[in-house]
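> model this:
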Amino acid sequence: MSDSESPARILLVDDHALFRDSLARFLDGETGLKIVGGCGTLEEARDFLRNDAIDLVLLDFDLGQRDGMDFIRSAELLNYKGKVLLVTAGVDESSAVALVGHGIAGVFFKHDSPALLVDAIREVLSGQTWFEQGFLQKLIGRATQKEEGPQTRKLTERERQVLAGVFEGLANKQIADQLQVSESSVKATLHQLFDKTGVRTRGQLVRIALEQYKDQL
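Numbering: from 1, shown residues only. So this is what the prediction gives:
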């Protein structure tokens, strides 16, 4: 991010004040990131979404008597257009699949390092997704396979390879290097996948793949 660009505005939603405050201090030292607030309850988070332009929400799944899905539903009602990265000590696979279905950009576990969280944040802000590979495989296994109909089309081998790279959280250049093809070829295949699945972003592509294409991965 260049100096002329505004920093990404980040909201922390976590009911543990010590973790929330420590994370805010850590992230405020990172170039291009600005913590605009921290919330311990769903009601506080709603107020921020109503009154502030938020680019990214770092969301804990367990919010006391509420959970991450409650937040997502509230954000949808408020027409929130930013990204959501789940930052949590743990979430069951069925809940994670449901959250992915509602468009979250990834899942980051609190036992990982703060430096890795910064990497995850930057990846998500750049339009990528962030999933630990082992956990993502569990999601694929957990996701309910829809019956194949006229709108579920078979993937070509190249589409399957590129989609697998997206699931691994790889950037286009990394996928290209892995497949030994040009980056423009990877971009063209991604556009084919977007057209075939009717989505616009990588996060949406992951959701559709979990729902409809897991048997082809």
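> now the element after the helix or strand of the chain with the lowest mean pLDDT, going C-ward?
Using mean pLDDT, DSSP states H and E, helix 133-142 stands out as the lowest-scoring helix or strand of the chain, at a mean of 66. Counting by DSSP states H and E, the element after helix 133-142 in chain order, helix or strand, is helix 157-167.
> which helices and strands sit right next to that next one?
Packing contacts for helix 157-167, counted by 3 or more Cβ pairs under 8 Å, 6 or more residues apart in numbering; DSSP states H and E, involve helix 133-142, helix 172-179, helix 183-197, helix 202-208. Using the backbone N, CA and C atoms, a C-beta is placed for each residue, glycine as well.
> closest one to residue 46 among those?
helix 202-208 (22.3 Å; Cβ to Cβ).
> please name whichever of the helices and strands packed on helix 157-167 is nearest to residue 70.
Closest among the helices and strands packed on helix 157-167, using Cβ to Cβ: helix 202-208, at 19.2 Å.
> give me the contact list for the closest one.
Here helix 202-208 makes contact (Cβ atoms under 8 Å, 6 or more residues apart in numbering) with 83, 100-101, 103-106, 127-129, 131, 163, 166-167, 190, 193-194, 197-199.
> swap in stretch 40-51?
Against stretch 40-51 from outside (Cβ under 8 Å, 6+ apart): 11, 13-17, 20, 36-37, 39, 54, 57, 63-64, 66, 70-71, 74-75, 78, 80.
> okay if I get the helices and strands packed on helix 157-167 as CSV plus distance to residue 24?
Listed next are the helices and strands packed on helix 157-167 as CSV, based on distance: least, Cβ to Cβ, whole Å:
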stretch, distance to residue 24
helix 133-142, 25
helix 172-179, 31
helix 183-197, 35
helix 202-208, 25
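> most packed of the ones you listed?
When these are scored by mean count of other Cβ atoms under 10 Å, the highest mean neighbour count falls to helix 202-208 (a mean of 21).
> chain center to it, what's the gap?
Offset of helix 202-208 from its chain centre (Cα atoms, centre = their mean, to the nearest Å): 9 Å.
> got the domain ranges for this structure?
What the record gives for the chain is the domain set 8-140, 146-216, from automatic domain parsing.
> these: lowest mean pLDDT?
With a mean of 76, domain 146-216 has the lowest mean pLDDT of those.
> stretch 86-99: which residues count as buried?
Buried residues in stretch 86-99, counted by 16 or more other Cβ atoms under 10 Å: 86-88, 91, 95-97, 99.
> measure it end to end?
Using Cα to Cα, to the nearest Å, one end of stretch 86-99 lies 9 Å from the other.
> likewise for stretch 57-73?
Span of stretch 57-73 from end to end, Cα to Cα: 14 Å.
> need the residues that contact it.
With Cβ under 8 Å, 6+ apart, stretch 57-73 has contacts from 10-16, 23, 40-42, 45, 75, 80, 82-91, 95, 98-99, 102-104, 121.
> many thanks, we can stop here.
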